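A.B. asks: pasting the sequence and the predicted model now:
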Amino acid sequence: MPTAVPVAHSTPAHSVVKMSLNPVQVLGAGGKPLPAPYRSTGNEALDTLAFLHILEQLKVQKRSGWIREGVREPESISDHMCRMALMAMMLPSDPSRPLDIPRCVMMALVHDLAEAHVGDITPVEGVPPHVKHQLEEQAMESFLDEMLGGEGMRDAQERFRSLWNEYEARETPESKLVKDLDRLELALQGVEYERSQDIQTLNPFFAGSIPHLEHPVIRKWAETLMEERKQLWESKGKGEQERAGLEGISVGSAVTSNGI
């Protein structure tokens with residue numbers, strides 16, 4: 001848990017707030033101290049290069065939940081976002097439920113961008129959601145205002161800011177769809193680890209994702225996935241254990257009638 005909390009501002013819960021670039025020290029994912037936010041050098045080329053370098057962290061930092069469960073060679077943050085983006089490209093057109101698919105693809109690639117600085121903070125680490133959100137806002141402030149603050153990066157800055165804010169607010173059909181992809185990609189990866197590494201402790205990952213799916217196409221994919229998982233566990237002689245672990249949980253069961 002962070003040793004101190006950044007000062008909150010009286011703004012809407014999901015808006016990006018201006019925060020001091022001299023915050024008190026806090027801890028990020030895995031209890032690791034966070035490095036100081038980047039400060040612009042005044043040289044646009046060097047600042048842009050700094051952003052390109054920070055993106056490497058998305059490639060090398062592993063997803064915390066899998067590390068906690070002892071997964072060998074767990075996926076990285078960018079692994080997760082890449083498959084989400086490809087999944088978004090697979091969605092069929094539906095005039096009754098229009099979606100801006102290119103925007104969904106971009107949003108999938110941006111939604112965890114702040115984790116390049118703060119890491120993949122998961123609920124079990126005890127970091128309150130509002131603190132996690134503030135840490136991620138601070139990271140985005142550093143990326144967009146200090147690294148991409150040059151005149152030549154204005155379009156990129158606003159593109160990243162708009163996509164990240166929209167995802168965090170979760171008010172548009174596109175942002176809700178990308179959240180569904182986030183949940184389903186987690187479940188997909190969980191089944192793959194169960195199959196390849198015979199891990200049997202992942203029920204909480206399914207319980208926290210599958211019931212919350214809203215989009216009908218994503219639900220259909222999830223239903224097929226969960227049937228595949230059922231057959232996998234039965235093939236190992238553990239069908240009863242699989243059913244008991246997710247008793248009362250099904251695809252979309254936690255979604256109210258006013259979902260998207």
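C.D. replies: Done, it's in. Just so it is clear, the structure is predicted and the values come from calculations on it, not from any experiment.

A.B. asks: pretty sure Val217 contacts Pro92?
C.D. replies: Yes: in this structure, Val217 is within contact of Pro92 by Cβ atoms under 8 Å, at 6.8 Å. Glycine gets a C-beta too; all of them are placed from N, C-alpha and C.

A.B. asks: more neighbours, the two?
C.D. replies: Taking neighbours as other Cβ atoms under 10 Å, Val217 and Pro92 compare with Val217 leading, 16 against 7.

A.B. asks: please confirm that the more buried one is located within a helix.
C.D. replies: Yes: under DSSP: H, G, I helix; E, B strand; the rest coil, Val217 sits within a helix.

A.B. asks: ok, it - contacts?
C.D. replies: Leu91, Pro92, Asp94 (Cβ atoms under 8 Å, 6 or more residues apart in numbering).

A.B. asks: how close does it get to Met147?
C.D. replies: Distance check for Val217 against Met147: by Cβ to Cβ, to the nearest Å, it reads 36 Å.

A.B. asks: least confident of the contacts of Val217?
C.D. replies: Least confident of those in the model: Asp94, at 92.

A.B. asks: what helix or strand is Thr48 located in?
C.D. replies: In this assignment (DSSP states H and E), Thr48 forms part of helix 44-54.

A.B. asks: in that helix, what's buried?
C.D. replies: Within helix 44-54, the residues that count as buried by 16 or more other Cβ atoms under 10 Å are Glu44, Asp47, Thr48, Ala50, Phe51, Ile54.

A.B. asks: tabulate those residues in JSON lines, adding columns for distance to Gly119 and pLDDT.
C.D. replies: What follows is the buried residues of helix 44-54, written out as JSON lines (distance: Cβ to Cβ, whole Å; pLDDT from 0 to 100):
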{"residue": "Glu44", "distance to Gly119": "28", "pLDDT": "98"}
{"residue": "Asp47", "distance to Gly119": "22", "pLDDT": "98"}
{"residue": "Thr48", "distance to Gly119": "23", "pLDDT": "98"}
{"residue": "Ala50", "distance to Gly119": "18", "pLDDT": "98"}
{"residue": "Phe51", "distance to Gly119": "18", "pLDDT": "98"}
{"residue": "Ile54", "distance to Gly119": "12", "pLDDT": "98"}
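
A.B. asks: which one of those residues is nearest to Glu192?
C.D. replies: Lowest distance from Glu192 to those (Cβ to Cβ) belongs to Ile54, with 28.3 Å.

A.B. asks: which regions of the chain lie under the pLDDT threshold?
C.D. replies: 1-31, 257-260 (pLDDT under 70).

A.B. asks: burial of Arg83, as a residue count?
C.D. replies: Arg83 has 17 neighbouring residues, counting by other Cβ under 10 Å.
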